[in-house]
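In: The following block contains a protein sequence and its predicted model.
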Amino acid sequence: MTTHHPRMDILSRRIHLITGKGGVGRTTVAAALAVAAASRGKRVLLTEIGDPEGGFSAIGRKFGREHLTPDPEPLGPSGLRGCHVWATRGHELFAHSVVPAGPLIRAALRSRTLRKFVAAVPSLYELGVFYHLLALLQAEHADGGPEHEVIVADMPATGHTLALMRLPEILLDALPDGPIPRYMREGQAYLNDPAKGVAWVVALPELLPVTEALDLIDGLRETKVEPAGVILNRMPDDPFDPEERRELAAILAEQPMHGALGFQQMGASCEAGKRLRAGTDVPIIELPDLPEPADGRPSALLSELCLRLADLMETT
Ligand SMILES: Nc1ncnc2c1ncn2[C@@H]1O[C@H](COP(=O)(O)OP(=O)(O)O)[C@@H](O)[C@H]1O
Ligand SMILES: [Mg+2]
């Protein structure tokens, strides 16, 4: 079953947060959305939130590289760059903006002890991530426009994402006026304005993931981040209409045969999709379940998903 989706105004938004449970295809969807936006002529930055020294980069691997750095680098497709959003970089940038004593601060922030401390104070970690993201949003291109017209962020696990989004309000309540509240307000101007920043919830068409997606939509709304839509990923291709489906179900009940499991899964995915539609009014975009690429390289999968997403984008 292919659903026709109306065109959406995706490209005018500066920042897209790709959220959802691990394993649903968050990284794949983030990469496909970024490639799609770049193919529509935007200067796009695809970011991954985390520690660039902590092993490989999931985003990097979609483009045949093991690592990303905190500085944007070309990723291959024209117009697309990628980087890590890194709390430590955020702390450095922030420290710089407050006290112009660069090297000293850098040395201090890179020390192991301090990093342990930073990791143990949750909002301090998030503060760094937030500030690095803000700096990337505010970076200017030589033409006077933004260096990164569209930023797509592969977000961390749901709990971390919501903690990050709650940060501005918490700090604005807790701190007297000063540099931190000031940049929190600047951040809010992007993230709490649906014309500038939105979140996408990636989900699989199964019962539990759909329930989790609905909870996440509520969670995002509580943090005043607009859920622009659910991306229902890995929707199996379903060639049957409801009548055929009933007939086939009756036959399979009498005579179990090869393929019955796939048919049941198709039905279950359909039900999960219906439940999602009944549970929310946000737009739902279906992406197909594609065969794993034989050569183990994600590029074929990525370009197929990218085509579907680019198709939805209203040109601005
Ligand atoms: N639409 C799809 N069709 C087929 N395989 C997919 C699809 N989306 C994601 N995958 C595969 O599912 C696995 C998990 O995807 P990934 O994007 O890494 O998930 P997450 O970032 O949510 O943990 C990867 O092997 C990826 O290639
Ligand atoms: Mg991932």
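Out: Nice, thanks for sending it over. Every value quoted in this text rests on a predicted model; they were computed, and no experiment measured them. Ligands and ions are numbered 1, 2, ... in the order given.
In: From here on, just use CA atoms for contacts and neighbour counts.
Out: Noted.
In: so how far is stretch 216-226 off the chain centroid?
Out: 14 Å (C-alpha atoms, centre = their mean, to the nearest Å).
In: buried ones in that stretch?
Out: For stretch 216-226, a neighbour-count test (16 or more other C-alpha atoms under 10 Å) marks 216-220, 223-226 as buried.
In: For these, give me CSV that also has distance to residue 33, secondary structure and pLDDT.
Out: Putting the buried residues of stretch 216-226 into CSV (distance: C-alpha to C-alpha, whole Å; DSSP: H, G, I helix; E, B strand; the rest coil; pLDDT from 0 to 100) gives the following:
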residue, distance to residue 33, secondary structure, pLDDT
216, 20, helix, 96
217, 19, helix, 97
218, 23, helix, 96
219, 23, helix, 95
220, 20, helix, 96
223, 23, coil, 93
224, 22, coil, 93
225, 19, coil, 94
226, 17, strand, 94
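In: Contacts only, for residue 164.
Out: Counting by C-alpha atoms under 8 Å, 6 or more residues apart in numbering, residue 164 touches 123, 126-127, 130.
In: element containing it?
Out: Applying DSSP states H and E as the criterion places residue 164 in helix 158-174.
In: again, but for residue 202
Out: Using DSSP H and E, residue 202 maps to strand 197-203.
In: Show me what from this protein comes close to ligand 1.
Out: Applying C-alpha under 6 Å from any ligand atom, we find that the chain lies next to ligand 1 at 22-28, 233-234, 287-292.
In: The closest residue to ligand 1 within the stretch 51-200 of the chain - how many residues pack around it?
Out: Of all residues in the stretch 51-200 of the chain, the one sitting closest to ligand 1 is residue 58 (6.9 Å; C-alpha to the nearest ligand atom). Look at residue 58: counted by other C-alpha atoms under 10 Å, it has 17 neighbours.
In: Would you check that it makes contact with residue 27?
Out: Yes: the pair residue 58 and residue 27 qualifies as a contact (C-alpha atoms under 8 Å) at a distance of 6.9 Å.
In: What separation is there between residue 136 and residue 44?
Out: Distance, residue 136 to residue 44, using C-alpha to C-alpha, to the nearest Å: 11 Å.
In: Give me the more crowded residue out of these two.
Out: Neighbours were counted for residue 136 and for residue 44 using other C-alpha under 10 Å; residue 44 has more, 29 against 20.
In: So the more buried one is in contact with residue 77, correct?
Out: No: if you go by C-alpha under 8 Å, residue 44 and residue 77 don't touch, sitting 10.1 Å apart.
In: got any residues that touch both of those two?
Out: Taking C-alpha under 8 Å, 6+ apart as the criterion, residue 44 and residue 77 both touch 35, 38.
In: pLDDT (mean, whole number) over stretch 189-200?
Out: Computed over stretch 189-200, the mean pLDDT rounds to 94.
In: show me where the stretch 201-316 of the chain has helices.
Out: Counting by DSSP state H, counting those that start in this stretch, the segments of the stretch 201-316 of the chain that form helices are 207-222, 242-254, 260-279, 299-312.
In: Give me the distance between the shortest one and the centre of its chain.
Out: The gap between where helix 242-254 is centred and where its chain is centred comes out at 38 Å by C-alpha atoms, centre = their mean.
In: what inclination does it have with respect to helix 260-279?
Out: 140 degrees (axes from the mean of the first three to the mean of the last three C-alpha atoms, to 10 degrees).
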